[in-house]
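Asks: based on what follows, work out the 3D shape:
(one chain, ligands or ions: 1)
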Amino acid sequence: MAETETNPLRRPLPDGIVPEGEVTRTENRWIAIVLGMLGVMMAVIVVTGVTNALHPPSNVEIIDPTTLHLGGEFAESNLGTAAEPDGSVTVRLIAEQYNFVPECVRVPADTPVKFRLSSADVIHGFLLVGTNVNTMVVPGFVAEVRTSFNALGDYRMPCHEFCGVGHQGMWAHVNVVPKGRFPHLSTTERTSCVQQ
Ligand code: CUA
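Replies: Here you go, the predicted structure:
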């Protein structure tokens, strides 16, 4: 009561009207702050895109999600890690409510790895924590990501697109082992680290 009347910061204004000059100054300050925030966000996108190679996947390949399990590339016997003649490996996974198949993938370190995923139902997300691997798995399409791992160990692989009530329980792992400990696979063999 008396406190507000004696507040030295409170300037008496006629009928509470703020002077026009002050309104303009405040608005200009906010425009400058917003432009600065936009500039910082654009810089973060450009810098991370250039330095961490974060970019949208360019692969467009279509597939029938209703017949994934019946045969072809995503038949159950073809899932997991396959060795390629050039020394690289290809990992094939299916994302479905609410798991990845296989749920544990083994790959060798310091080796080019190509992940190929498809969804049997709704949109899921494919993300490897601590790497630049991050894409959506959209039914009807094959998601392809190429990478290689130089650090050994277990990479967590959460689904990061909300896909239903079981979304938060949809996890898998990628286990990176030394090249010498990776099994020698024939062209038809597939491997994973799923406990049988
Ligand atoms: Cu699958 Cu969220």
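
Asks: from now on I want contacts and neighbour counts done on CA atoms only, so please keep to that.
Replies: Noted.

Asks: how many neighbours does the residue nearest to Ser77 when sequence neighbours are not counted have?
Replies: Leaving aside its chain neighbours, Ser77 sits nearest to Arg190 (7.6 Å; criterion: CA to CA, 6 or more residues apart in numbering). Using other CA atoms under 10 Å, Arg190 has 18 other residues around it.

Asks: partners of the residue most central in space within the chain in the sheet?
Replies: The geometric centre of the chain, computed from its C-alpha atoms, lies nearest to Asn134 (CA atoms, centre = their mean), at 2.8 Å. Counting by DSSP bridges, Asn134 is bridged to Leu127.

Asks: shouldn't it be in contact with Leu128?
Replies: Yes. With contacts counted by CA atoms under 8 Å, Asn134 reaches Leu128, the gap being 6.6 Å.

Asks: ok, the residue nearest to Ser77 - contacts?
Replies: 77-83 (CA atoms under 8 Å, 6 or more residues apart in numbering).

Asks: interface residues of the chain facing the ligand?
Replies: 97-98, 124, 159-163, 167, 170 (CA under 6 Å from any ligand atom).

Asks: any stretches of the chain with poor pLDDT?
Replies: Where the chain drops to pLDDT under 70, the residues are 1-13, 52-59, 196.

Asks: same thing but 90
Replies: 1-22, 45-62, 68-71, 130, 132, 185, 187-188, 194-196 (pLDDT under 90).

Asks: just the strands in it please.
Replies: 80-83, 89-96, 99-101, 104-108, 113-119, 124-127, 134-137, 142-147, 153-158, 171-177 (DSSP state E).

Asks: quick one: closest of these to Trp30.
Replies: strand 134-137 (34.8 Å; CA to CA).

Asks: CA atoms of the closest one as CSV?
Replies: Output of strand 134-137 as CSV, limited to C-alpha atoms (Å, rounded to 0.1, in the frame of the first residue of the first chain):
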residue,chain,number,x,y,z
ASN,A,134,19.1,-41.4,-36.1
THR,A,135,16.2,-42.0,-38.5
MET,A,136,12.5,-42.8,-38.7
VAL,A,137,11.3,-46.3,-39.7
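
Asks: among the residues of the chain next to the ligand, which one has the most neighbours?
Replies: His124 (29 neighbours).

Asks: domain map for this structure?
Replies: Domain segmentation of the chain under automatic domain parsing yields 1-55, 65-181.

Asks: what about the longest helix seen in the chain, distance to the chain center?
Replies: When the chain is parsed with DSSP state H, its longest helix is helix 20-51. Centroid separation for helix 20-51 versus its chain: 27 Å, with CA atoms, centre = their mean, to the nearest Å.

Asks: and Met41, how many neighbours?
Replies: Quick note: Met41 (other CA under 10 Å) scores 12 neighbours.

Asks: residues in contact with it?
Replies: Met41 neighbours (CA under 8 Å, 6+ apart): none.
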